[in-house]
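Enquirer: here is my input, please return the structure:
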Amino acid sequence: MKNLKKQRRIQIIALAFVAMAAALLAVKFAESNALQYFRSPSQVQSDPPRPSEIFRIGGLVEKGSLVRGVGTTVTFRVTDTNASVPVEFTGVLPDLFAEGQGMVGTGTMKNGTFVASEILAKHDENYMPKEVIDALKAQGIYVDPKTKAMTSVPPSP
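Expert: Just a heads-up that it's a prediction; the model follows:
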């Protein structure tokens, strides 16, 4: 009976070791594009990424840099006020995308230009969907960010 317990314990330890080794190998050989690091334009300038590295860049769309090209191609510069990086994107831009507004793009660097495969526009901290505003007003706890005054909507009969 003692030998059976000892043998079972060795089997469990060996199985745990194999499982741990398999997990480490899976992490090591996982697709390198699965992790996308965020970088500011200053970080891209000071420590350029590898040419095939997919990463995210974020900042403000530099005023006066937006150029609409042929079809759906757009070029602009993204800045963090310390450095700026040229960006090229082919596709449909989000509705909130504009010069001077925040954006986050996913893509790779190619010949000193960030070639974006996806662009996300950032809204300001005062943005709130109409449905949420209506619900807060109905509860009497909505504070208008422009006037800093509390407003409420009387309950409907």
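Enquirer: break this protein into its domains for me.
Expert: Domain ranges of the chain: 1-30, 32-121, 125-157, per automatic domain parsing.
Enquirer: output these as CSV; include the columns mean pLDDT and mean neighbour count.
Expert: The C-beta positions use only the backbone N, C-alpha and C, and glycine is treated the same way. Formatted as CSV, those follow (pLDDT from 0 to 100; neighbours: other CB atoms under 10 Å):
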stretch, mean pLDDT, mean neighbour count
domain 1-30, 86, 9
domain 32-121, 86, 16
domain 125-157, 62, 10
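Enquirer: tell me where the longest helix sits in this structure.
Expert: Using DSSP state H to define each element, the chain has its longest helix at helix 2-28.
Enquirer: now do the strands in this protein.
Expert: Counting by DSSP state E, the segments of the chain that form strands are 37-39, 55-61, 67-68, 73-79, 84-90, 102-110, 113-121, 142-143, 150-151.
Enquirer: ok, which of these comes nearest residue 26?
Expert: strand 37-39 (20.2 Å; CB to CB).
Enquirer: strand partners (parallel or antiparallel) of the closest one?
Expert: Paired neighbours of strand 37-39 in the sheet (DSSP bridges): strand 55-61 (parallel).
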